[in-house]
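Engineer: Provided below for reference: sequence and predicted model.
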Amino acid sequence: MKRAYDAADKDQRRQSILDAAALLLQQGGGSLPSAAQIAAATGLAKGTLYIYFRTKEEIFAALLLHLWGPALATLVEEFSRTDRSVPERVEAFVGRFAAYVDERPFLLRLDALAKEGIERNMSEPALTAHKAAALADIERISAHLEAALELAPGRGFQLLTRTHAMMRGLWQAFGDPLPVTQGCAHPAFATELREALTEYWRGALSG
């Protein structure tokens, strides 16, 4: 593979690393692939991989933020729809969010590994930068939500963090149906996630 010289090439190379890590995680049995496996899948030397990420944990921390981006974007898109009532916006957001999560069981495995398998093994500077980036994303989406629904400051952040906690709790309750290499997550999880989030968001916004 040719060497990346300019910023666009480096961004593309970085994205190819994340794509390879996601594919390996999707195909694997629940554990994090090694840096050597990711490098081989990307067509890079292992040393080249470390130019972009210092450890494999940094790769998966970046991947986690990258994968949550589209899911959070659905919230902005649906709650900005002023042509719909709040219950209709809730239904549209929950439907799209739950479908996105359900179609990516490997995302929930990665999310579950974040605390013990990823963050614990990151350097303090890398972990600080990761948490700052995650917080910035949440605060940005929270501000959009508060503006769209005329919520009090901080309420959007609360809604998002509770949504994540409910999702993770349901995933842990129903379990990861490993081995999974194709298809969706546990059917009961998908149903419970839609129903629980719909009930929560409708109740939270009913006032």
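Structural biologist: That came through fine.

Engineer: So which elements touch the lowest-mean-pLDDT helix or strand in the chain?
Structural biologist: Every helix and strand of the chain was ranked by mean pLDDT, DSSP states H and E. The lowest is helix 105-113, at a mean of 86. Contact here means 3 or more Cβ pairs under 8 Å, 6 or more residues apart in numbering; DSSP states H and E; on that basis helix 105-113 packs against helix 7-27, helix 56-79, helix 155-174. C-beta here means a position set from N, CA and C on the backbone, and glycine is covered the same way.

Engineer: Pick the most deeply packed of those.
Structural biologist: helix 56-79 (a mean of 19; mean count of other Cβ atoms under 10 Å).

Engineer: so what does the helix or strand just after it touch, helix or strand wise?
Structural biologist: Using DSSP states H and E, the helix or strand that follows helix 56-79 towards the C-terminus is helix 86-102. In terms of contacts (3+ Cβ pairs under 8 Å, 6+ apart), helix 86-102 is packed against helix 56-79, helix 187-205.

Engineer: what angle separates the longest one from helix 7-27?
Structural biologist: In other words, helix 56-79. Taking axes from the mean of the first three to the mean of the last three Cα atoms, to 10 degrees, one finds helix 56-79 and helix 7-27 inclined to each other by 90 degrees.

Engineer: Report all helices and strands that helix 56-79 contacts.
Structural biologist: Applying 3+ Cβ pairs under 8 Å, 6+ apart, we find helix 56-79 packed against helix 7-27, helix 35-42, helix 86-102, helix 105-113, helix 124-149.

Engineer: how does it look with 10 Å?
Structural biologist: Packing partners of helix 56-79 (3 or more Cβ pairs under 10 Å, 6 or more residues apart in numbering; DSSP states H and E): helix 7-27, helix 35-42, helix 46-52, helix 86-102, helix 105-113, helix 124-149, helix 155-174.

Engineer: Counting neighbours, what do you get for the closest residue to I17 other than its chain neighbours?
Structural biologist: For I17, ignoring the flanking residues on the chain, the nearest one in space by Cβ to Cβ, 6 or more residues apart in numbering is T42 at 5.4 Å. Counted with other Cβ atoms under 10 Å, residues neighbouring T42 total 21.

Engineer: Touching, T42 and Q12? I think so.
Structural biologist: No. With contact defined as Cβ atoms under 10 Å, T42 does not reach Q12; the gap is 11.3 Å.

Engineer: Below-threshold pLDDT in the protein: ranges please.
Structural biologist: Scanning the chain for pLDDT under 70 picks out the ranges 1-6, 29-30, 175-187, 207.

Engineer: same thing but at 50, please
Structural biologist: Where the chain drops to pLDDT under 50, the residues are 179-182.

Engineer: So the residue positioned nearest the centre of the chain versus A190, what's the distance?
Structural biologist: Centroid-nearest residue in the chain: W68, 2.6 Å away (criterion: Cα atoms, centre = their mean). Look at W68 and A190: by Cβ to Cβ, to the nearest Å, they are 18 Å apart.

Engineer: likewise K46?
Structural biologist: 38 Å.

Engineer: Tell me which of those two has more neighbours.
Structural biologist: Shown here are K46 and A190; by other Cβ under 10 Å, A190 has more neighbours (18 against 13).
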